[in-house]
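Visitor: Fold the following for me, if possible:
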Amino acid sequence: MQEVIDTPNGKALLLRYLTSGDIEARIDSELHMQVGSRYVLLKGNSYHLPDPEPTATKEKPMYTYIDPKPAEDRLRKVAMNIKGYTDATKAPEGFCMDGVVMNEKSMGYDIETAMFQAIVDRQLLPDTQLSIDMDGQYGGNEDETLFQRVNKLSAALAVQLITNGWQSVELRRNTPKINGIPAREYVGATHLPDKVMFRLLAETALPKQKQSLQRPFFNFDFKAGNLMTEGASPLDQEQSLKIWDTLLNSMRLSPSNGGNRLDPQTGDLVQEMKVGQTCPKSGVWAASLPNTHPSARNLASYHERLKNIKLGEPMPEMFAKFMFPKTADADNAAITWTWMRES
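Guide: Take a look at the predicted model:
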């Protein structure tokens with residue numbers, strides 16, 4: 001099956017085909033579209049059967065009972081709401097990758113997960129790998145922290161290290177903040193008789209109840225050298241740490257995902273407030289309305305939406321009742337105050 005869909009980004013092509021395997025068959029759906037200058041391919045898989053499970057016959061094989069509609073409805077919804085941006089500072093909230101933004105509020109997904117791996121020149125930097133794994137607001141392992149996993153691995157390798165004349169050196173074991181998010185960091189070096197390998201690890205350490213799409217779980221893994229193949233690190237210790245520190249220090253929340261709400265002194269996010277609530281931190285605050293509000297654009301261009309508000313003061317109204325007697329209460333209730341900077 002193929003279907004052409006009209007979207008805000010132009011035409012999109014929806015394809016459906018059957019994939020058969022040794023154990024079960026499934027229906028695969030693909031949506032192909034152009035978003036700005038990016039070619040986007042979205043995939044969905046359908047394999048669930050009705051309950052109770054029907055009986056396949058020669059005339060009606062089992063795969064004909066699979067319903068691809070839920071997966072394809074989701075693809076259509078994504079296609080109608082996905083957006084492309086060339087300026088990250090102007091992009092709205094959502095998950096952004098390579099100039100394409102997806103928003104869970106308009107698309108209805110439950111979790112954001114992604115894994116990024118750096119492609120390096122194998123001739124220039126052999127046995128060098130960098131990966132960043134994001135597991136969204138539900139990520140992380142509550143049973144074992146990074147430090148506990150390192151301790152367990154060190155104990156398992158202890159005999160092998162001694163037997164082979166290797167030496168393991170711990171270079172760092174810190175609890176820094178990565179763009180305001182508490183984290184754990186471990187850096188170690190394994191010395192062989194004639195070579196050295198480095199392993200640099202970090203993970204965010206927010207409790208799960210505090211994780212969100214704006215503050216997800218991240219895992220960082222940088223290897224220079226390979227213990228399995230005994231490949232030496234092409235980088236020395238200073239170079240490895242410089243690359244690592246540059247990476248961690250470059251992590252930023254986008255402005256729409258809270259980057260403009262970071263307290264420069266603590267690195268924590270300052271809470272967004274509603275009209276009438278008590279100001280939690282002195283500074284310059286900005287008023288905004290949801291994008292769908294009829295006055296959102298006017299308020300965004302109004303210079304007096306930025307106000308210097310002191311700790312303990314009530315967050316002010318923006319709409320006066322004598323000017324807007326019928327709508328002031330509802331409009332003020334829709335306003336969100338966002339902390340921008342120190343006074």
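Visitor: what secondary structure does Ala183 sit in?
Guide: Using DSSP: H, G, I helix; E, B strand; the rest coil, the structure places Ala183 in strand.
Visitor: and it, how far is that from Asn174?
Guide: From Ala183 over to Asn174 the distance is 8 Å, taken as Cβ to Cβ, to the nearest Å. Quick note: C-beta positions are derived from backbone N, CA and C, even for glycine.
Visitor: Name the residue in the two with the higher neighbour count.
Guide: When Ala183 and Asn174 are compared for neighbours, Ala183 comes out ahead with 21 against 10, by other Cβ atoms under 10 Å.
Visitor: Touching, that one and Lys177? I think so.
Guide: Yes. Using Cβ atoms under 8 Å, Ala183 is in contact with Lys177, at 6.4 Å.
Visitor: Tell me, what's the model's pLDDT at Gly225?
Guide: Per-residue confidence at Gly225 stands at 91 (pLDDT).
Visitor: ok, then the element right after the one helix or strand Asp245 maps to?
Guide: In this assignment (DSSP states H and E), Asp245 forms part of helix 237-250. Where DSSP H and E defines the elements, the next helix or strand beyond helix 237-250 is strand 273-274.
Visitor: Who are the packing partners of that following strand?
Guide: Counting contacts by 3 or more Cβ pairs under 8 Å, 6 or more residues apart in numbering; DSSP states H and E, strand 273-274 is packed against strand 336-341.
Visitor: which neighbours does the strand it packs on have in its sheet, and in what orientation?
Guide: For strand 336-341, the pairing partners within the sheet under DSSP bridges are strand 273-274 (antiparallel), strand 283-288 (antiparallel).
Visitor: Same list (the ones you listed) but as CSV, adding distance to Ala189 and mean pLDDT.
Guide: Compiled in CSV, the strands paired with strand 336-341 are given as follows (distance: least, Cβ to Cβ, whole Å; pLDDT from 0 to 100):
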stretch, distance to Ala189, mean pLDDT
strand 273-274, 47, 94
strand 283-288, 43, 90
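Visitor: ranking the ones you listed by burial, who's on top?
Guide: Each of those was assessed for mean neighbour count using mean count of other Cβ atoms under 10 Å. The highest is strand 283-288, with a mean of 18.
Visitor: Pull out the buried positions in the helix holding Asp245.
Guide: Buried positions in helix 237-250, judged by neighbour count with 16 or more other Cβ atoms under 10 Å: 240-241, 243-244, 247-248.
Visitor: thinking again about what came up before, out of the strands paired with strand 336-341, which is closest to Ile82?
Guide: Taking Cβ to Cβ as the criterion, strand 283-288 is the member of the strands paired with strand 336-341 that comes nearest to Ile82, at 23.1 Å.
Visitor: from the chain's centre, how far out does stretch 101-116 sit?
Guide: Here stretch 101-116 is found 8 Å from its chain centre; the criterion is Cα atoms, centre = their mean, to the nearest Å.
Visitor: Please disregard the earlier target; I meant stretch 242-261.
Guide: Relative to the mean C-alpha coordinate of its chain, stretch 242-261 is positioned 12 Å out (Cα atoms, centre = their mean).
Visitor: same deal with stretch 228-236?
Guide: For stretch 228-236, the distance between its averaged C-alpha position and the chain's averaged C-alpha position is 31 Å (Cα atoms, centre = their mean).
Visitor: same question, stretch 317-326
Guide: Its chain's C-alpha centre lies 39 Å from the corresponding centre of stretch 317-326 when counted by Cα atoms, centre = their mean.
Visitor: now what about that stretch, what contacts it?
Guide: Contacts of stretch 317-326 with the rest of the structure, by Cβ atoms under 8 Å, 6 or more residues apart in numbering, involve 275-276, 287, 299, 305, 327-329, 331-332, 335.
Visitor: average model confidence for that stretch?
Guide: Here the mean pLDDT over stretch 317-326 is 92, rounded to a whole number.
Visitor: Return the set of buried residues in it.
Guide: Buried positions in stretch 317-326, judged by neighbour count with 16+ other Cβ under 10 Å: 317-319.
Visitor: Out of those residues, flag the one nearest to Asp127.
Guide: When the buried residues of stretch 317-326 are compared for distance to Asp127 (Cβ to Cβ), Met318 wins out at 58.0 Å.
Visitor: In three-state terms, label that closest one for me.
Guide: For Met318, the reduced secondary structure class is coil; criterion used: three-state DSSP.
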